[in-house]
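Enquirer: starting from these lines, generate the structure:
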Amino acid sequence: MQESILGHFYDDFIENEIIYHSLSKTIFESDNNFFSLMTMNHHPVHTNLNYAKNNQHKKILVVGTLVFSLAVGITVPDISGKAIANLEYSDIRHLNPVFINDTIYVRSKIVKKIKSKTKDDRGVIYVESIAYNQDKIDVLSFKRRVLVKINTK
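Expert: Residues are numbered from 1 along each chain as shown. Below you'll find the predicted structure:
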């Protein structure tokens, strides 16, 4: 049996490379309800169909932080599986609404790599990720810095 690969070493990342992550997730009503309850986000646009019908999108919106959490999770096998730490998330932008039963996909660009100046077994990768739905409409974008091990073997 082949060993499972979770993440990549610093050396494996190539600047300007675009990664189309293989994982995806359809967001079900139960996902949105549970996340709303768990995070104490009780805004009726996320949990009340009648309220949502009488507002801009006419249907329930998925909680934005759920979309962000899923997008990060989708990238783990390719980006941060061998990470020492996620150092920063920034520029999180909600580009378009996400609705119940939308399927989320993510693509990421390796923007830059910088080796650590103090420890020779690690480096930082700068990543921009974009989540998009089943219709290829971009719904969320974010940047992050990840401290990743250098392959010492």
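Enquirer: pull the number of nearby residues for the closest residue to L49 other than its chain neighbours.
Expert: If the residues on either side of it in the chain are set aside, L49 comes closest to I60, at 6.0 Å by C-beta to C-beta, 6 or more residues apart in numbering. C-beta here means a position set from N, CA and C on the backbone, and glycine is covered the same way. Using other C-beta atoms under 10 Å, I60 has 22 neighbouring residues.
Enquirer: got it, and the one 4 residues further on?
Expert: Around G64 sit 16 other residues, with neighbours defined as other C-beta under 10 Å.
Enquirer: got a pLDDT number for it?
Expert: Confidence at G64, expressed as pLDDT, is 97.
Enquirer: now the strands: where do they sit in this protein?
Expert: Using DSSP state E, the strands of the chain run over 18-20, 25-26, 83-94, 103-115, 122-132, 138-149.
Enquirer: the longest helix along the chain vs strand 138-149, what angle?
Expert: As assigned by DSSP state H, the longest helix anywhere in the chain is helix 64-75. When axes from the mean of the first three to the mean of the last three C-alpha atoms, to 10 degrees is applied, the directions of helix 64-75 and strand 138-149 differ by 50 degrees.
Enquirer: what angle do helix 64-75 and strand 122-132 make?
Expert: Here the directions of helix 64-75 and strand 122-132 differ by 120 degrees (the same axes, to 10 degrees).
Enquirer: any idea how far helix 64-75 is from the chain center?
Expert: Mean-position distance between helix 64-75 and its chain equals 4 Å (C-alpha atoms, centre = their mean, to the nearest Å).
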